[in-house]
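Participant: A predicted structure for the sequence below; I have some questions about it.
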Amino acid sequence: MTTSTETPTLATTTTDLEPLRDSLHGPVIGPDGESYDAARAIWNGAIDRRPACVARCTGIADVVAAVRFARERDLLVAVRSGGHGVGGQALCDGGLVIDLSPMKGIRVDPAARTARAEAGVLWGELDRETQLHGLATVGGIVTHTGIAGLTLGGGIGWLMRKHGATVDNLLSVDLVTAEGELLTANEDENPDLFWGIRGGGGNFGVVTSFEYRLHPVGPIVLAGPIFHPLEDAREVLAFYREFIATVPDELTTIFNLRVAPPLPFLPEDVHGKPIVMVGACYAGAPEDGIEVVRPLKGFGNPIVDLLEPKLYTALQSMFDPSAQHGWHYYWKSVELPPLTDDAIDTLVEHASALTSPKSYCIVFQLGGALARVGEGETAYSQRDAAHNVNINAVWTADDVERERHVAWARDFFAAMQPHAGGRVYLNFLGDEGADRVRQAYGDRQYERLVEVKRTYDPTNFFRLNQNIEP
Ligand SMILES: Cc1cc2nc3c(=O)[nH]c(=O)nc-3n(C[C@H](O)[C@H](O)[C@H](O)COP(=O)(O)OP(=O)(O)OC[C@H]3O[C@@H](n4cnc5c(N)ncnc54)[C@H](O)[C@@H]3O)c2cc1C
């Protein structure tokens, strides 16, 4: 059997898998296994790949055994943790998937304000444990995203303008190299690797656990969305641009252009209507945030205003219903400088033309602590961007108009180019090729990543990722 990458793959007979099964504590699932289809399902239902087997690792020893097994046979390897990578690099056709999703260990040290979490942990699971102590680190905005892929690509979310990117709160990782050796990387041990890990994606090895710095957060935060009709979006966003120019780092905002989903907290007559949602989170005492958000709450004629004190964990799960497992997704993303009138016009025009009620365009406000980390301090680069724009075409398996939805995202992306600087955030990239990966870093940082890759993975054993070619 051969694959498109011309890497020898594994025959899928029981005998071929037997040595792997013998050396793993977790199950090794081949195409004849009952749970094979579940094991090869990831968040994006549009991805349909058939690996020779999925090695479900329960600990570091399993990961080492799986890497060595693949190395000895020169197999194509994919690494899967939360399974949310939109391009589906967590799966492969014909090779071995090293699946860390069973690795769920979390230990919080409330006195030291640190947490160690294994690679299969999802953001909702980590928040649940840290919030027990009124603590959190900077995570993503959907609870079922994996900590692993998100951290390795940089990590942005509601706390970032106060506390930096997820990688700025990363203290140490344990990692299995392409040779099957276990390493620790932090400021003191293997610092070149630690630099590359903080934004370089899955290029350097399989990370088995992450240690994070935590901050006092919640459990109650002043946060939530305000919904306006899309017909008011130009005025709302022009106001928003002036508003965010002066807000303190405690406030992070995100806006979203879409049709209102049928969520219980929205009045029924709004469901299905085009809206602009401006969401905010104040990462400080709620009473201190009231004056800060007052202008935002007072502007225009909102349909619904849910920017109010709530549990941090409730904020974190707010977008979960809009990003369900198994729906089909196609993303295009750009980074923007501060919004101009023309950029606002383009955003509103293309959002008004979306082809699926599930599609949307989400825009993150960057800056603050995230932007104060110098270029070159971590592999996560280009921190002076003002906004990340993620254009999400979303549809269901039975929708026959895939091409139309994808074309909407592509046209929207093309129209944003005159407003963008040819940059992209790594974690919002699909499977878009080498030039786009370079755009996530810029030439200088990319060349430095190549050096780290040459040191730790010179044969490009780990290449199903946003690949840095050695
Ligand atoms: C619904 C949704 C919401 C999102 N929200 C945010 C957000 O708020 N902020 C943000 O920054 N990003 C966000 N993202 C993007 C997210 O960070 C990336 O999709 C990320 O890759 C997901 O990580 P994962 O572990 O779930 O995915 P996976 O698909 O399992 O992994 C993605 C890739 O990361 C690498 N990888 C994964 N695990 C390991 C490991 N243990 N060791 C080495 N390499 C590994 C592999 O190359 C793999 O192909 C979101 C994505 C989705 C789908």
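Facilitator: It's in.
Participant: tell me which parts of this structure are close to the ligand?
Facilitator: Within the chain, the positions near the ligand by Cβ under 6 Å from any ligand atom are 43, 79-86, 89-90, 100, 119, 140-142, 145-146, 148-150, 152-153, 155-157, 201-202, 206-207, 323, 427, 465. Backbone N, C-alpha and C define where each C-beta goes, glycine included.
Participant: so which of these are in strands?
Facilitator: Among the residues of the chain next to the ligand, the members found in strands (DSSP state E) are 79-80, 206-207.
Participant: which two from these end up farthest apart in space?
Facilitator: 80 and 207 (12.4 Å; Cβ to Cβ).
Participant: what are the ranges of the helices in this protein?
Facilitator: Assigned by DSSP state H, the helices in the chain fall at 14-23, 36-39, 60-73, 123-131, 147-152, 160-163, 191-197, 233-244, 286-298, 312-316, 341-351, 402-416, 434-439, 443-456.
Participant: so residue 80 and residue 207 - more neighbours on which side?
Facilitator: residue 80 (32 against 24; other Cβ atoms under 10 Å).
Participant: from what I can see the more buried one touches residue 42, true?
Facilitator: Yes. Because the distance of 7.0 Å satisfies Cβ atoms under 8 Å, residue 80 is recorded as touching residue 42.
Participant: pull up the overlap in contacts between those two.
Facilitator: The contact sets of residue 80 and residue 42 overlap at 90-91 (Cβ atoms under 8 Å, 6 or more residues apart in numbering).
Participant: of all of the stretch 251-400 of the chain, which residue lies closest to the ligand?
Facilitator: residue 323 (3.5 Å; Cβ to the nearest ligand atom).
Participant: go ahead and confirm that residue touches residue 143.
Facilitator: No. With contact defined as Cβ under 8 Å, residue 323 does not count as touching residue 143 (9.9 Å).
Participant: excluding chain neighbours, what is closest to the residue of the stretch 251-400 of the chain closest to the ligand?
Facilitator: residue 142 (5.3 Å; Cβ to Cβ, 6 or more residues apart in numbering).
Participant: do residue 276 as well
Facilitator: Nearest residue to residue 276 in three dimensions, chain neighbours excluded: residue 233, at 4.2 Å (Cβ to Cβ, 6+ apart).
Participant: give the contact list for the one you found.
Facilitator: Each residue near residue 233 by Cβ under 8 Å, 6+ apart is listed here: 257, 276, 344, 347-348, 351.
Participant: swap in residue 299?
Facilitator: 236, 239, 243.
Participant: give me the below-cutoff pLDDT ranges for the stretch 201-350 of the chain.
Facilitator: Within the stretch 201-350 of the chain, no range satisfies pLDDT under 70.
Participant: could you export stretch 386-401 as CSV, CA atoms only?
Facilitator: The C-alpha coordinates for stretch 386-401 follow below in CSV (Å, rounded to 0.1, in the frame of the first residue of the first chain):
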residue,chain,number,x,y,z
ALA,A,386,-4.9,44.8,15.6
HIS,A,387,-7.4,42.1,14.6
ASN,A,388,-7.7,38.5,13.6
VAL,A,389,-10.5,37.9,11.2
ASN,A,390,-11.8,34.3,10.7
ILE,A,391,-14.3,33.7,7.9
ASN,A,392,-16.1,30.5,8.7
ALA,A,393,-18.2,28.7,6.1
VAL,A,394,-20.3,26.2,8.0
TRP,A,395,-22.9,23.7,6.7
THR,A,396,-24.2,20.2,7.5
ALA,A,397,-23.5,16.9,5.9
ASP,A,398,-26.8,16.8,4.0
ASP,A,399,-26.4,20.3,2.5
VAL,A,400,-25.6,19.9,-1.2
GLU,A,401,-24.4,23.5,-1.6
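Participant: that one - what's its average pLDDT?
Facilitator: In this model, stretch 386-401 has an average pLDDT of 97.
Participant: flag every buried residue along it.
Facilitator: Of the residues in stretch 386-401, 386-395 count as buried by neighbour count, 16 or more other Cβ atoms under 10 Å.
Participant: how many neighbouring residues does residue 116 have?
Facilitator: 17.
Participant: touching, it and residue 129? I think so.
Facilitator: No. Between residue 116 and residue 129 there is no contact under Cβ under 8 Å: 10.6 Å.
Participant: common neighbours of the two, please.
Facilitator: residue 106.
Participant: pull the contacting residues for the closest residue to residue 458 other than its chain neighbours.
Facilitator: Distances taken as Cβ to Cβ, 6+ apart put residue 470 closest to residue 458, at 5.2 Å, once the chain neighbours are dropped. By Cβ under 8 Å, 6+ apart, the contact set of residue 470 is 450, 453-454, 457-460.
Participant: in space, not sequence, find me the middle residue of this protein.
Facilitator: Compute the mean C-alpha point of the chain, and by Cα atoms, centre = their mean the closest residue is residue 150, 4.2 Å away.
Participant: count of residues packed around the residue nearest to that residue when sequence neighbours are not counted?
Facilitator: Excluding the flanking residues, the one nearest residue 150 by Cβ to Cβ, 6+ apart is residue 140, at 5.0 Å. The tally of other residues near residue 140 (other Cβ under 10 Å) stands at 25.
Participant: isn't residue 140 up against residue 155?
Facilitator: Yes. Here residue 140 reaches residue 155: they are 7.0 Å apart, a contact under Cβ under 8 Å.
Participant: I'd say residue 380 and residue 152 touch.
Facilitator: No. At 9.5 Å, residue 380 and residue 152 do not qualify as touching, with contact defined as Cβ under 8 Å.
Participant: which residues do those two both contact?
Facilitator: In contact with both residue 380 and residue 152: residue 199, using Cβ under 8 Å, 6+ apart.
Participant: looking at these two, which one has more neighbours?
Facilitator: residue 152 (33 against 29).
Participant: if I look at that one, how far off is residue 332?
Facilitator: Computed as Cβ to Cβ, to the nearest Å, the residue 152 to residue 332 distance reads 21 Å.
Participant: and for residue 99?
Facilitator: For residue 99 relative to residue 332 (Cβ to Cβ), the value is 28 Å.
Participant: repeat that for residue 170.
Facilitator: The value you get for residue 170 to residue 332, if Cβ to Cβ is used, is 28 Å.
Participant: likewise residue 251?
Facilitator: Distance, residue 251 to residue 332, using Cβ to Cβ: 28 Å.
Participant: re earlier: next, format the ones in strands among the residues of the chain next to the ligand as a markdown table and append distance to residue 439.
Facilitator: Shown next, in a markdown table, are those (distance: Cβ to Cβ, whole Å):
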| residue | distance to residue 439 |
| --- | --- |
| 79 | 23 |
| 80 | 25 |
| 206 | 26 |
| 207 | 24 |
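Participant: all good on my end, thank you.
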